[in-house]
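> everything below, folded, please.
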Amino acid sequence: MNRPVFTLIAVALLVAGCSGGAPDADPTEPTSPETASAAEPSRSDSPSPTGTPSTAAPSAPAPETTEATTSPPAPSPSQEPADATGSAVSPRGNLIKRLGESAGIIDGNGVRLVNFVVNSISTNVQCTTELAVPAENGLFVAVDVSVQTSPAMAEPDALISSFDMSSSWFRAISPEGISSNASPDTFASLVCLDDAALLPSSIGPGENARGVVLLDVQHPAGILIFEDFYTGSAWEWTYPG
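Next up, the predicted model:
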């Protein structure tokens, strides 16, 4: 071989060796684990916004809304009668009182305007006047009462200005609970006893009084009911006491 040709071939081979790059990577060679993690799509059914798998358990469904569980406000207590302290109420709606037990009338500000006590109830009545006549309904019943009134009754805006208790505001009920049709306020009851023995029929502010309210009734035993004309409050006692 001629030397110039050999020289050209050698130069060509040398140039080819200098210009060649690194061999291509084997396409079958596995990639690194970090690359696989980054490239692999998430397997979560509900991928999180950051692209990482969600591990939180699904929240429980909210319970169905039913009726309100809060109890309704308790009804306010009903308005008590004027003098309900420590007293039971009869089937007729009256305050049941015992002999010697205080009763009375209290206004809306809690001021006790009237205090009264039935001291005794007697069916053994002896008339003392010359005009006396036998009982019209059956027999006389004497109700001995003590009354004390408050000076507050004299105020212009007072609930009541006087306390009236007479045979007109009483009625009687038999032991069987039957109301008498006969009024206990009769002419005979008015003329049986002297005025000095009777309770004043109308008592004003700041007074104290004691006397008998005489009733003309049908039965020798039963229940006596007194109702205050102005307030509608009512009390009852069993007789004879």
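
> neighbours of residue 215, how many?
Neighbours of residue 215 under the rule other C-beta atoms under 10 Å: 27. Quick note: C-beta positions are derived from backbone N, CA and C, even for glycine.

> so it belongs to a helix, correct?
No - looking at residue 215 with DSSP: H, G, I helix; E, B strand; the rest coil, it is strand, so not inside a helix.

> and the gap between the residue lying closest to it once chain neighbours are set aside and residue 201?
Once flanking residues are discounted, residue 215 sits nearest to residue 184: 3.8 Å by C-beta to C-beta, 6 or more residues apart in numbering. To residue 201, residue 184 is 14 Å away according to C-beta to C-beta, to the nearest Å.

> of those two, who's got more company?
More crowded of residue 184 and residue 201, by other C-beta under 10 Å: residue 184, with 26 against 15.

> could you check how far residue 230 is from residue 136?
For residue 230 relative to residue 136 (C-beta to C-beta), the value is 28 Å.

> count of residues packed around the closest residue to residue 191 other than its chain neighbours?
Closest residue to residue 191 apart from its sequence neighbours, by C-beta to C-beta, 6+ apart: residue 131 at 4.2 Å. Residues contacting residue 131 under the criterion other C-beta under 10 Å number 10.

> in the chain, which spans are helices?
All helices of the chain, identified by DSSP state H, fall at 3-19, 33-39, 187-190.

> least reliable of those going by mean pLDDT?
Lowest mean pLDDT within those: helix 33-39, a mean of 37.

> doesn't residue 169 make contact with the residue nearest to residue 215?
No - the pair residue 184 and residue 169 does not pass the contact test of C-beta atoms under 8 Å, sitting 9.6 Å apart.

> what is in contact with these two at once?
By C-beta atoms under 8 Å, 6 or more residues apart in numbering, residue 184 and residue 169 have no common neighbours.

> report the beta-bridge partner residues of residue 235.
residue 95, residue 226 (DSSP bridges).

> correct me if wrong: it contacts residue 98.
No - using C-beta under 8 Å, residue 235 is not in contact with residue 98, being 10.7 Å away.

> who has more neighbours out of the two?
Per other C-beta under 10 Å, whichever of residue 235 and residue 98 has more neighbours is residue 235, with 23 against 10.

> lowest mean pLDDT among the helices and strands of the protein, which one is it?
Among the helices and strands of the chain, helix 33-39 carries the lowest confidence by mean pLDDT, DSSP states H and E, at a mean of 37.

> look at residue 230 and residue 136 and report which has more neighbours.
Shown here are residue 230 and residue 136; by other C-beta under 10 Å, residue 136 has more neighbours (15 against 12).

> show me where the chain has its strands.
Assigned by DSSP state E, the strands in the chain fall at 95-96, 102-106, 112-122, 139-149, 163-164, 170-173, 202-203, 208-217, 222-227, 234-239.

> the second one packs against which elements?
Counting by 3 or more C-beta pairs under 8 Å, 6 or more residues apart in numbering; DSSP states H and E, the packing neighbours recorded for strand 102-106 are strand 112-122.

> packing partners of the strand it packs on?
strand 102-106, strand 139-149, strand 163-164, strand 234-239.

> helices and strands around the second one, which ones?
Contact here means 3+ C-beta pairs under 8 Å, 6+ apart; on that basis strand 139-149 packs against strand 112-122, strand 208-217.

> between those strands, which one is closest to residue 197.
strand 208-217 (5.4 Å; C-beta to C-beta).

> can you list contacts of that closest one?
By C-beta under 8 Å, 6+ apart, the list of residues contacting strand 208-217 reads 119, 125, 135-149, 165-167, 170, 172, 180, 182-186, 188-190, 192-193, 197-200, 203, 224.

> redo that, cut-off 7 Å
For strand 208-217, the surrounding residues in contact (C-beta atoms under 7 Å, 6 or more residues apart in numbering) are 135-148, 165-167, 170, 172, 180, 184, 186, 188-189, 192-193, 197-200, 203.
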